[in-house]
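Undergrad: Give me a 3D structure for the following:
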Amino acid sequence: MGAVSYQKRANAQPADPESGQRISHSLRSDNQVCGEPFIHIAQLPNDNPSHPRNNLMNPTSTTPQRFNAKTLSAEQVAVCAPIEQYFLGHAKDDAAHMRKAFLPTAHIESIREGVFTSWPLDVYCERFKGTPAADEATRRRTIDWLDIGGNSACAKITLVHGATTFTDYFVLLNTADGWKIANKAFHGQAT
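TA: Now for the predicted structure:
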């Protein structure tokens, strides 16, 4: 087993997590989910248990540990819920999903061309116009690891969007409205 993966592919058939095949989620042409949740386990290219990318999730550890979709606790699934909304926001280019994923006070931060950039959620949501990218069918979004500590968690996310691969780091909080992304820091580089 390895990273959690979401990928939109026409006629994709999810595979059994035990088969060792990358699992992706298919969407109908109207971008509605076909059957199962977006969160699936995917085989990493390097399935060596000591490989750093295979230390994925353990809710009682300060070190993110590897996890298996068949054994996710209700809490682990709940932590993934805002990340699923985030993935949908990108897939559909829809700010409404982003607003469901993030706390209203969230900031999206990065270093762009050597300059610190911090966008409040409203500014970030202005980027989403409701028109999915022309290459959406080839884009990949992966939860690389999660670490949960009480009412807080962190996650590393990889988004392969055409010529650019983004690495996102989320800080998540368990609020009265469920788990939400409190802040995001990211880096983009050529794929």
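Undergrad: so Trp105 sits in a helix?
TA: Heads up, residue 105 is Thr, not Trp. No - read with DSSP: H, G, I helix; E, B strand; the rest coil, Thr105 is strand and lies in no helix.
Undergrad: what does the model give it for pLDDT?
TA: pLDDT for Thr105: 98.
Undergrad: Same question for Asn183.
TA: On the pLDDT scale, Asn183 gets 98.
Undergrad: any idea how far it lies from Leu121?
TA: 10 Å (Cβ to Cβ, to the nearest Å). (Each C-beta comes from the backbone N, C-alpha and C, glycine too.)
Undergrad: any chance you could map the helices in the protein?
TA: 74-92, 95-101, 121-125 (DSSP state H).
Undergrad: mind listing the strands for the chain?
TA: In the chain, the strands defined using DSSP state E lie at 4-7, 102-112, 115-120, 140-149, 152-161, 164-175, 178-190.
Undergrad: Buried deepest among these, which one?
TA: strand 4-7 (a mean of 25; mean count of other Cβ atoms under 10 Å).
Undergrad: if we can go back for a sec, determine the residues that are contacts of both of Asn183 and Leu121.
TA: Ala106, His107, Ile108 (Cβ atoms under 8 Å, 6 or more residues apart in numbering).
Undergrad: quick revisit: could you redo the strands of the chain as JSON lines and give each row distance to Pro82?
TA: JSON lines is the format used below for the strands of the chain (distance: least, Cβ to Cβ, whole Å):
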{"stretch": "strand 4-7", "distance to Pro82": "13"}
{"stretch": "strand 102-112", "distance to Pro82": "7"}
{"stretch": "strand 115-120", "distance to Pro82": "17"}
{"stretch": "strand 140-149", "distance to Pro82": "11"}
{"stretch": "strand 152-161", "distance to Pro82": "9"}
{"stretch": "strand 164-175", "distance to Pro82": "7"}
{"stretch": "strand 178-190", "distance to Pro82": "5"}
